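# Fold the following, please.
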Amino acid sequence: MEEVKLLGFWSSPFVYRVKWALKHKDVKYEYLEEDLWNKKSDLLLRSNPVQKRVPVLLHDGKPIAESIVILEYIEEMWPHNPLLPQDPHERAMARYWMKFGEDKAPILLGFYLNFGEEQEKNVKEAKELLKILEKHGLGENKFFGGDEIGLVDFAFGWIACWLEVMEEAVGVKLSEAESLPRLHEWIENFKKVPLIKENTPDRDRMLSFYKQRREQRRESFISSRAS
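Below you'll find the predicted structure:
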């Protein structure tokens, strides 16, 4: 019998991408919570010695790191309940938008991670990127792949379930329903899916965590400016 383990952290949207895919495929797995801020486990350090971060999927003892890579592995390893289109061109476009999301993540998350002029720049750039994502990635579809949820939706799931919390933690709004109506419709459709609804962290706990982490980053930023 195959052994599947997932090393993760409770608030990580990248870990939840993997959880959603495994549950969609009905793959049984053991979840192992990591203490990222105090002491990372020996298993994590052995399994991902280069980046030393989660998520890491262990399949029969073999480690796979990076959430997008793990999603692709899950789709290939367990092809039932497919999450990528069958058409080669549509599959290529799905991978294009997943790569777009990964490449632009530093900008999209910059409003939370950065301060001052850098943050202001990131806010403007992120708003433009969200418009591009809505117009060219989502289009008129219910989900990124059409009528059914897929890997691209999981890849951008943090926008649906984490962005609003991070916006509140910072006091900055990136996504307004008036300016991004189709993206907000996708957010509502995504959050209504039972798989997603039943597998997201508690919002109040997330907000407290992200406020605390933001304040710690602010203190580090101020200290670096003063030194």
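# Helices of the chain, start to end?
For the chain, helices defined by DSSP state H occupy the ranges 13-24, 42-47, 67-77, 88-108, 110-113, 116-132, 151-155, 157-161, 163-170, 181-192, 194-197, 203-226.
# got any ranges where this structure has weak pLDDT?
226-227 (pLDDT under 70).
# OK, contacts around residue 165?
Contacts for residue 165 (CB atoms under 8 Å, 6 or more residues apart in numbering) come out as 203, 206, 207, 210. Where you see a C-beta, it was placed from the backbone N, CA and C, and this is true even at glycine.
# Out of those, grab the one that's most surrounded.
residue 206 (21 neighbours; other CB atoms under 10 Å).
# show me what contacts that one?
Neighbours of residue 206 in contact, by CB under 8 Å, 6+ apart: 11, 162, 165.
# now the first one: how far from residue 207?
By that I understand residue 11. Distance of residue 11 to residue 207, given as CB to CB, to the nearest Å: 10 Å.
# Quickly list what residue 8 is bridged to.
With DSSP bridges as the criterion, residue 8 is bridged to residue 33.
# Now do the contacts for it.
With contact set as CB under 8 Å, 6+ apart, residue 8 has these partners: 15, 18, 19, 31, 32, 33, 34, 54, 55.
# Check the burial of the nearest residue to the third one once chain neighbours are set aside by counting its neighbours.
Read that as residue 19. Nearest residue to residue 19 in three dimensions, chain neighbours excluded: residue 199, at 5.7 Å (CB to CB, 6 or more residues apart in numbering). When neighbours are defined as other CB under 10 Å, residue 199 has 14 of them.
# Residue 217 too?
By the measure other CB under 10 Å, the count of residues near residue 217 is 14.
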